[in-house]
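Visitor: sequence and predicted model, in that order:
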Amino acid sequence: MLVDLHCHTSPRSSCSRATLEGLAAAARARGVDGLCLTEHDLLWSEDDLAAASSSVGFPLMAGVELSTDVGHVLVYGELRRPLWQGYRFAELVDEAASTGAAVVLAHPVRRVAGERAARAGRAAPPASEVAASDAWRLAHGVEACSTQSTAAEHALTAEALAVVPKPAVAGSDAHDAHNAGAFATRFATPVRTAHDIAAAIRAGRVEPVRLSP
């Protein structure tokens, strides 16, 4: 089963221009079986999610992209704290230990190897340094690739995964509808909820897939 684990809708994510209808159409055209909506610091309610899924005729699940002290983190599964209170990464991992949620590093090397770092002339660290970080060690998974990461970021992430293997996922990180499904995650067994996604990531039953440019 293929699921795009990282996409944003307008207006729930202010940075997105994508409608649900557009996201679903692009994902369906690429052969993706479902979308996970991961708005910035906002979680879809179950009722709204069910209504949206019915409206577009496409399976939708919900995670969230949280802003933390180590950067953006994708979370799938139960969160107990009101999101407006915010999370530090260590707090998030501690909570996930009791709820079974999966914590995934989004675009994990953007700060050190992304476009801003390159424009500033900062050399990317070796993969061993990336893989030795507390965030890498504590996360349940790593986003290996997306449309919002550069080829250099993809390469460094792959090198770090070779140094310290972690469950690796992929998602489009679509902010425009046409990108939906360009990257997805293959699940060994069907997933229907965020809890299913979390369990599969934590068990390592996932594989990142690139479906089209």
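Guide: It's in.
Visitor: how many other residues sit next to the closest residue to residue 177 other than its chain neighbours?
Guide: Spatial nearest neighbour of residue 177, excluding adjacent residues (C-beta to C-beta, 6 or more residues apart in numbering): residue 22 at 2.8 Å. For every residue, glycine as well, the C-beta is placed using N, CA and C. Residues lying near residue 22 (other C-beta atoms under 10 Å) number 19.
Visitor: same question, residue 50
Guide: 12.
Visitor: partner residues bridging residue 62?
Guide: Beta-bridge partners for residue 62, by DSSP bridges, are residue 37.
Visitor: surely the residue nearest to residue 177 meets residue 175?
Guide: No: counting by C-beta atoms under 8 Å, residue 22 does not reach residue 175; the two are 11.2 Å apart.
Visitor: most distant residue from the middle of the chain?
Guide: Farthest-out residue of the chain from its mean C-alpha position, per C-alpha atoms, centre = their mean: residue 121, at 27.5 Å.
Visitor: and that one, what pLDDT?
Guide: For residue 121, the model assigns a pLDDT of 75.
Visitor: got it, and residue 26?
Guide: 97.
Visitor: re earlier: separation between the residue nearest to residue 177 and residue 104?
Guide: Going from residue 22 to residue 104 by C-beta to C-beta, to the nearest Å gives 24 Å.
Visitor: show me what counts as buried in stretch 5-16.
Guide: 5-10, 13, 16 (16 or more other C-beta atoms under 10 Å).
Visitor: can you tell me what sits against it?
Guide: Identification of contacts with stretch 5-16 by C-beta atoms under 8 Å, 6 or more residues apart in numbering yields 17-20, 23, 35-40, 42, 44, 63, 65, 74, 76, 104, 106, 143, 146, 169-176, 179-180, 184-185, 197.
Visitor: quick one: which of the residues you listed sit in helices?
Guide: Members of the contacts of stretch 5-16 lying in helices (criterion: DSSP state H): 20, 23, 197.
Visitor: excluding its backbone neighbours, what's nearest the second one?
Guide: With sequence-adjacent residues excluded and distances taken as C-beta to C-beta, 6+ apart, residue 23 is closest to residue 180, at 4.2 Å.
Visitor: okay, now that neighbour: neighbour count?
Guide: A count of neighbours around residue 180, defined by other C-beta under 10 Å, yields 31.
Visitor: list the residues that contact it.
Guide: 4, 7, 18, 22-24, 26-27, 30, 32, 35, 172, 174.
Visitor: also residue 88?
Guide: Going by C-beta under 8 Å, 6+ apart, residue 88 touches 68-69.
Visitor: quick one, longest helix in the chain?
Guide: In terms of residue count, the longest helix belonging to the chain (DSSP H) is helix 151-163.
Visitor: now it: buried residues?
Guide: If you call a residue buried by 16+ other C-beta under 10 Å, then helix 151-163 has these buried ones: 153-154, 156-157, 159-161.
Visitor: now do the contacts for residue 101.
Guide: 75-79, 95, 198 are the contacts of residue 101 under C-beta under 8 Å, 6+ apart.
Visitor: which pLDDT value belongs to it?
Guide: Value for residue 101, per-residue pLDDT: 98.
Visitor: same thing with residue 213?
Guide: On pLDDT, residue 213 comes in at 63.
Visitor: thanks a lot, catch you later.
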